[in-house]
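*Asks:* When you get a sec, could you give me coordinates for this:
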Amino acid sequence: MDFVPYAVPFFLLAIALEYVWGRSVGRDTYRLNDSINSLSLGTLSTAIKLLGLDLAGTVFSVVESRFAVFRLDASSVWTWIAALLAYDFCYYWFHRISHERSLLWAAHVVHHQSEEFNLSTALRQTSTGFLLGWVFYLPCFALGIPAKVVVTVASLHLIYEFW
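*Replies:* Model prediction:
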């Protein structure tokens, strides 16, 4: 299950609260153009993921059904723990290599281009990550983690990253 759509109202509420608090204490970290850019990039990255779902979903399905080393049970708490650890490990390498290699940096740099540092900056996500980013998560499926577990863990991971 993808929890991100349910988290969006809380993201927006947290951003609004941070803005109001910052203004009230004289530490405003929001500029209108920068915040609009962050929100626009977040919206674009969410919408563009729909293009990559078909390709990545097909590859993930094939890897999970034909090449998985194990068949993990989605009802086991150990599967969820393994999924969280595996996903976080894959994300670490994806993020690290995105800082080190030009092709991936070109997709990731948008996240680092904000003039301000505030909660809206977390919404600055790439809209081209679907082209290569999915490759880093193949090990999750090769380990036999069910797709619904990976999707759920990925959405919770993304929500956690907001903070």
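*Asks:* how much space is there between Phe104 and Ile97?
*Replies:* For residue 104 the amino acid is Leu, not Phe. Using C-beta to C-beta, to the nearest Å, Leu104 is found at 6 Å from Ile97. For every residue, glycine as well, the C-beta is placed using N, CA and C.
*Asks:* more crowded one of the two?
*Replies:* Leu104 (22 against 15; other C-beta atoms under 10 Å).
*Asks:* Which residue, other than its chain neighbours, is closest to the more buried one?
*Replies:* Using C-beta to C-beta, 6 or more residues apart in numbering and skipping the chain neighbours, the partner closest in space to Leu104 is Ser98 (4.1 Å).
*Asks:* which residues does the one you found contact?
*Replies:* Residues in contact with Ser98, defined by C-beta atoms under 8 Å, 6 or more residues apart in numbering, are 104-105, 107-108.
*Asks:* low-scoring pLDDT stretches of this structure, where are they?
*Replies:* Low-confidence regions of the chain, defined by pLDDT under 70, span residues 50-55.
*Asks:* Please, where are all the helices along it?
*Replies:* Here the chain has its helices, by DSSP state H, at 4-24, 32-62, 77-100, 102-108, 138-142, 147-162.
*Asks:* how about CSV for those, with distance to Phe70 added?
*Replies:* Listed next are the helices of the chain as CSV, based on distance: least, C-beta to C-beta, whole Å:
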stretch, distance to Phe70
helix 4-24, 28
helix 32-62, 16
helix 77-100, 9
helix 102-108, 29
helix 138-142, 9
helix 147-162, 13
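*Asks:* This completes my enquiry, with thanks.
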